[in-house]
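A.B. asks: sequence plus the predicted model coming up.
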Amino acid sequence: MAALAVFCLPAGAELLAGAAARKITPKLDRPVYLAGFGNNRAATGVHDDLWARCLALRTGSEPVVICAVDLIGLFHDDVQMVRAAVPGARVIVAATHVHQGPDTMGQWGPKQTVSGLDETYNAFVVAETAAAAREAIARLTPVRMFPAAVTPPDVAAYYDDTRPPVVHDPEILSLVFRDRRGRAVATLVNWNNHPEALGSRNTLITSDYVHYTRQMLEDAGFGTAVFVNGALGGMQSPLGAKIIDPGTGQPAPKDSFRFAEIVGRYAARHVIESQKKAKSAAVDTLEYRETQARFPVANQGFLMAAKLGLFGGRKAFSDGATAAPVGYLRIAHGGTPVVEAALVPGELYPELSVGGAVCDPNADYPDALVEKPLKKMLSAPFRMLFGLANDEIGYILPKCQWDEQPPFTFGAAKRWYGEVNSTGPEAAPVLAAAFEQLVRR
Ligand SMILES: [Zn+2]
């Protein structure tokens, strides 16, 4: 058996990692429309910098680079430009989904019919993200990987799930990469929560709770911190959550930087604690697969926005559908996956990550087949999900929970929030089928 195992190993495969971070804070010498809530929220200052942060990994010849950008989302058109500027690597660009950064998608301009996009800024984001990816590759150095995962018992307190069923994918996952001297080169953090702790009235640019998560980790010697958000749809948000301030024992003040700090440091603390018990995992192969899936667009609002040119020519629609990438990342040893990640081009309902969909008879398609949850298609001991990865097509919810027509599900008097920001009821079945094929390939 040992001989067979050696035979399967690619000769000399060792894991290398490198990281880099570049600021993508916009200049305020022109109007900067903040994305994520209503229209016409112009930035008045900067609280903390926005970042493009990249982690490069390599076992064979071609590195895989995982970049996270502090933005509401980035369409695939922009991601392709980043990729073109980083030849010889597989580049992943996931948005952290901060609601306190510039409108890079065009939906949050001065009014509903006017784009909030600033092409100069998007071009700057593309250039800086590509530069961070190239720097991360240039810094590749032999490392050992330390994976950890934890589901804190009180994690539900950090979400206000405004739509039944109450389901979370609450695991806080981390990968720490340490060089030969034991020094942390980088830490990848994967958690799912909307970075909107500052609320809809804030006008200072900030990466919200993500800033505090990364800052605490970097201060604790965890190298360059790269935060990737997870299945944060329907609705995984700290906005309405009643969170106790550990400093005062009182509820944390809403819509404040203190509130964001408590959420951010909570995630960092659990990374630090769970890493204390982490064991290094051998790695000899790294693989990234991606496919373009076609998502039917039933959402008239999206079609109208495209027609008005809000997206600046991005996100082409043809034959009633738009293409978006679905990805699968696999870090393995001896043919067995150690870490796997599902890469989703939008905001996934956690039911589609970990299961728990409830098909209420009042839904529009109550008999629709329940999609197989993405993490249940994986077998690695550490299973990640990167949301808003390489594209942003909005909410992706289980088809059997789709509900635009009365009577409404769960006895609601009015329509639930979600469908209005989704391409349509077919998004989930298309995604699940595309991902299953990728994993099996
Ligand atoms: Zn969102």
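C.D. replies: Arrived safely, thanks for sending. Numbers count the residues shown, from 1 in each chain.
A.B. asks: please enumerate the helices of this structure.
C.D. replies: For the chain, the helices defined by DSSP state H cover 2-8, 76-84, 119-138, 209-219, 257-276, 300-307, 351-354, 427-440.
A.B. asks: for those, which one sits closest to residue 106?
C.D. replies: Residue 106 lies closest to helix 300-307 among the helices of the chain, at 7.3 Å (Cβ to Cβ). From N, CA and C alone the C-beta is placed, and that goes for glycine too.
A.B. asks: what's the mean pLDDT across the closest one?
C.D. replies: Averaging pLDDT along helix 300-307 gives 93.
A.B. asks: who's in contact with it?
C.D. replies: 106-107, 297, 311, 315, 317, 394, 420, 423 (Cβ atoms under 8 Å, 6 or more residues apart in numbering).
A.B. asks: tell me the least confident of those?
C.D. replies: residue 317 (88).
A.B. asks: which ones are touching it?
C.D. replies: Residue 317 neighbours (Cβ under 8 Å, 6+ apart): 297, 303, 306.
A.B. asks: how close does the last one get to residue 419?
C.D. replies: This points to residue 306. 18 Å (Cβ to Cβ, to the nearest Å).
A.B. asks: repeat that for the first one.
C.D. replies: Look at residue 297 and residue 419: by Cβ to Cβ, they are 13 Å apart.
A.B. asks: of those two, who's got more company?
C.D. replies: residue 297 (23 against 20; other Cβ atoms under 10 Å).
A.B. asks: how many other residues sit next to the closest residue in space to that one that isn't next to it in sequence?
C.D. replies: Residue nearest to residue 297 in three dimensions, not counting chain neighbours: residue 423, with 4.8 Å by Cβ to Cβ, 6 or more residues apart in numbering. Using other Cβ under 10 Å, residue 423 has 24 neighbouring residues.
A.B. asks: and if you look at residue 356?
C.D. replies: Around residue 356 there are 17 residues (other Cβ under 10 Å).
A.B. asks: if I look at it, how far off is residue 156?
C.D. replies: 13 Å.
A.B. asks: low-confidence stretches in this structure?
C.D. replies: The model of the chain has pLDDT under 70 over residues 1-12.
A.B. asks: try it again with 50
C.D. replies: For the chain, residues meeting the criterion pLDDT under 50 lie at 1-11.
A.B. asks: quick one, domains of it?
C.D. replies: 12-138, 141-276, 300-440 (automatic domain parsing).
A.B. asks: would you convert those into CSV that also reports distance to residue 282?
C.D. replies: Formatted as CSV, these follow (distance: least, Cβ to Cβ, whole Å):
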stretch, distance to residue 282
domain 12-138, 8
domain 141-276, 8
domain 300-440, 5
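A.B. asks: so for residue 285, which of those sits nearest?
C.D. replies: domain 300-440 (4.7 Å).
A.B. asks: show the end-to-end separation of the closest one, please.
C.D. replies: Using Cα to Cα, to the nearest Å, one end of domain 300-440 lies 35 Å from the other.
A.B. asks: what is the burial count for the residue nearest to residue 272 when sequence neighbours are not counted?
C.D. replies: Setting aside the residues directly before and after it, residue 272 is nearest to residue 220 in space (Cβ to Cβ, 6+ apart), at 5.7 Å. Residue 220 has 15 neighbours, counted by other Cβ under 10 Å.
A.B. asks: for residue 220, give its distance to residue 212.
C.D. replies: Taking Cβ to Cβ, one finds residue 220 at 12 Å from residue 212.
A.B. asks: ok, now residue 196?
C.D. replies: Applying Cβ to Cβ to residue 196 and residue 212 gives a distance of 14 Å.
A.B. asks: what does residue 200 give?
C.D. replies: For residue 200, the distance to residue 212 - Cβ to Cβ - is 20 Å.
A.B. asks: these two: which has the busier surroundings?
C.D. replies: When neighbours are counted by other Cβ under 10 Å, residue 200 and residue 212 differ, and residue 212 comes out ahead with 24 against 14.
A.B. asks: now do the same contact list for the more buried one.
C.D. replies: So residue 212 contacts 260-261, 263-265, 268 (Cβ under 8 Å, 6+ apart).
A.B. asks: highest neighbour count among the residues you listed?
C.D. replies: residue 260 (29 neighbours).
A.B. asks: find the nearest non-adjacent residue to that one, please.
C.D. replies: Nearest non-adjacent residue to residue 260, counting by Cβ to Cβ, 6+ apart: residue 197, 3.9 Å away.
A.B. asks: surely that neighbour and residue 263 touch.
C.D. replies: Yes - if you go by Cβ atoms under 8 Å, residue 197 and residue 263 touch, sitting 5.3 Å apart.
A.B. asks: now for these two: what residues contact both?
C.D. replies: Common neighbours of residue 197 and residue 263 (Cβ under 8 Å, 6+ apart) are 209, 238.
A.B. asks: excluding chain neighbours, what is closest to residue 243?
C.D. replies: Using Cβ to Cβ, 6+ apart, the closest residue to residue 243 is residue 252 (4.7 Å).
A.B. asks: repeat that for residue 254.
C.D. replies: residue 199 (6.8 Å).
A.B. asks: got it, and residue 395?
C.D. replies: Closest to residue 395 by Cβ to Cβ, 6+ apart is residue 422, at 4.2 Å.
A.B. asks: was I right about that neighbour contacting residue 299?
C.D. replies: Yes - with contacts counted by Cβ under 8 Å, residue 422 reaches residue 299, the gap being 6.4 Å.
A.B. asks: list the residues that contact both of these two?
C.D. replies: residue 394.
A.B. asks: compare those two (neighbour count), which wins?
C.D. replies: Each of residue 422 and residue 299 has its neighbours counted (other Cβ under 10 Å); residue 422 has more, 27 against 19.
A.B. asks: how about that one, what does it touch?
C.D. replies: 299, 394-397.
A.B. asks: which stretches of the stretch 101-250 of the chain form strands?
C.D. replies: 141-142, 144-150, 172-178, 184-191, 204-205, 224-229 (DSSP state E, counting those that start in this stretch).
A.B. asks: turn the ones you listed into JSON lines, including distance to residue 58 and mean neighbour count.
C.D. replies: What follows is the strands of the stretch 101-250 of the chain, written out as JSON lines (distance: least, Cβ to Cβ, whole Å; neighbours: other Cβ atoms under 10 Å):
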{"stretch": "strand 141-142", "distance to residue 58": "10", "mean neighbour count": "12"}
{"stretch": "strand 144-150", "distance to residue 58": "12", "mean neighbour count": "20"}
{"stretch": "strand 172-178", "distance to residue 58": "11", "mean neighbour count": "25"}
{"stretch": "strand 184-191", "distance to residue 58": "13", "mean neighbour count": "26"}
{"stretch": "strand 204-205", "distance to residue 58": "34", "mean neighbour count": "18"}
{"stretch": "strand 224-229", "distance to residue 58": "16", "mean neighbour count": "27"}
